[in-house]
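# below are the sequence and a predicted model for it; my questions follow.
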Amino acid sequence: MSYTFAILVIAAILVFALVNRYWKKDKKNGKKHAEEDVIPEMERIFLDKVSAGSKMYGLASVYDEYDIMMLKSLFQSEQIPYYFEFENTSKTLIGLPPRAANDTIIKILDTDYDDALLVLRKYIDNKSGADSPARSGSTQDSGTIEIFKKV
């Protein structure tokens, strides 16, 4: 009887040790994947290049969160590294703030400035074209994006 109990205790300890080991391993791998998912690929490339010494410019200020979402998608598809500074401010400062209080600033690398400006201008032109039936009832206008001059 005592041998059976001892074998059961040893088996329980081994099972607990194995489960604990695999759980910690999965947890460690899960943290690694979660950190990679927090920063999108083009933002990570942007931050790596800036930390390596690349020059960056403010391309534009954007107020509307839908514009932010679309521009991120366009820059990602064009493989243009970007960073949207103060992106979550519009979600924290609610109400009718003064102009530019909640704006998100689009940061672009010097080498990608011309391509990013072209993508941004095409987006503004397509957004402001009101001949499309899908846009006839839209309340969005191109006044939510202000392009900066490169200095």
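Ah, there it is. From a predicted model like this one, the values you see are computed outputs, not experimental measurements.
# gap between residue 10 and residue 19?
15 Å (CB to CB, to the nearest Å). Any C-beta I mention is one placed from the backbone N, CA and C, and that applies to glycine too.
# and residue 66, by the same measure?
46 Å.
# how about residue 73?
42 Å.
# ok, now how distant is residue 104 from residue 147?
Residue 104 is 14 Å from residue 147, by CB to CB.
# which other residues reach the helix or strand containing residue 125?
Secondary structure from DSSP states H and E places residue 125 in helix 113-128. For helix 113-128, the surrounding residues in contact (CB atoms under 8 Å, 6 or more residues apart in numbering) are 57, 59-60, 67, 70-71, 74-75, 78, 80, 82, 106, 108, 135, 140-142, 145, 147, 150.
# mind listing what's buried in whichever helix or strand comes after it?
Going down the chain from helix 113-128, the next helix or strand is strand 145-147, by DSSP H and E. Going by neighbour count (16 or more other CB atoms under 10 Å), the buried part of strand 145-147 is residue 145.
# can you start the count at 40 instead of 1 from here on
Will do, 40 is the new start, and the previous item becomes strand 184-186.
# what's next to strand 184-186, contact-wise?
98-103, 106, 139, 142, 156, 159-160, 163.
# flag whichever of those residues scores worst on pLDDT.
Here the lowest pLDDT out of the contacts of strand 184-186 sits on residue 139, with 62.
# quick one: strands adjacent to the helix or strand residue 145 falls within?
Following DSSP H and E, one finds residue 145 within strand 143-148. Sheet pairing of strand 143-148 (DSSP bridges) gives strand 95-101 (antiparallel), strand 121-124 (antiparallel).
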